[in-house]
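Engineer: Sequence below, structure please.
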Amino acid sequence: MSTGKRVDSEATAESLHSAAIHLLRRLRQADASSGLNSARLSALSVIVFAGPITLGRLADAEQVRPPTMTRIVNALEAKTLVTKNASASDRRTIHLSATMKGKRLLLEARRRRIRSLARQIAILSPHDQKTLHAAAAILNGLPRAV
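Structural biologist: Numbering: from 1, shown residues only. Next comes the predicted model:
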C-alpha cells in the first residue's frame with residue numbers, strides 16, 4: 001500500500017497527539033461511575049500494576065510532587081483501595097499496595113473503557129478495523145523503538 005512517498009512525521013505526530021487526547025477524554029467518561037477522579041484512578045493503576053511501590057516512586061511515575069501524591073494516596077486509603085505498609089528493612093519507607101477492592105475497582109473501570117472503545121471500533125468498516133488493529137500494533141512498538 002506504500003506509494004514510496006515519505007510522510008511528514010511531524011504532521012503525523014500532531015494528528016496522533018490530537019486523536020489520543022480526544023480519545024482519552026471520551027474514554028474518561030466511562031470512569032465517572034468509579035467514583036474516582038482521573039488522578040486517583042491513574043495512581044491506583046500504577047499501584048495495581050507496579051506495586052508494592054513507595055510514595056516517592058509513585059509520585060515520580062505520576063509526575064507530581066510527593067505532597068500532591070500524599071493527598072491522592074490518603075484519599076485512596078480512606079476508600080480502602082490501597083494499604084500502606086512499612087518496609088521491614090527501613091521503617092521510614094512506606095510501600096503502597098492495592099487492596100482487592102482497589103484491584104477490582106480498577107479492573108472494572110478498565111473493562112468499561114475497553115467496552116466503550118470496542119463499541120466504537122465495531123461500527124467502523126472491516127477495512128478500517130483491520131487498519132486500526134495494525135496501527136495499534138505499531139503504536140505499541142513505538143516506546144520500545146525509542
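Engineer: What helix or strand is the residue nearest the centre of the chain located in?
Structural biologist: Note on the chain: the residue nearest the mean C-alpha position is residue 42, at 5.7 Å, using CA atoms, centre = their mean. Taking DSSP states H and E as the definition, one finds residue 42 inside helix 38-50.
Engineer: Please work out which residues outside stretch 108-117 touch it.
Structural biologist: Here stretch 108-117 makes contact (CB atoms under 8 Å, 6 or more residues apart in numbering) with 23, 26, 27, 29, 30, 31, 33, 34, 36, 41. C-betas here are computed from N, CA, C, even on glycine.
Engineer: And stretch 23-31, by the same measure?
Structural biologist: In contact with stretch 23-31 (CB under 8 Å, 6+ apart) are residues 38, 41, 109, 112, 113, 115, 116, 117.
Engineer: which two from those residues end up farthest apart in space?
Structural biologist: With CB to CB as the measure, no two of these lie farther apart than 38 and 115, at 18.4 Å.
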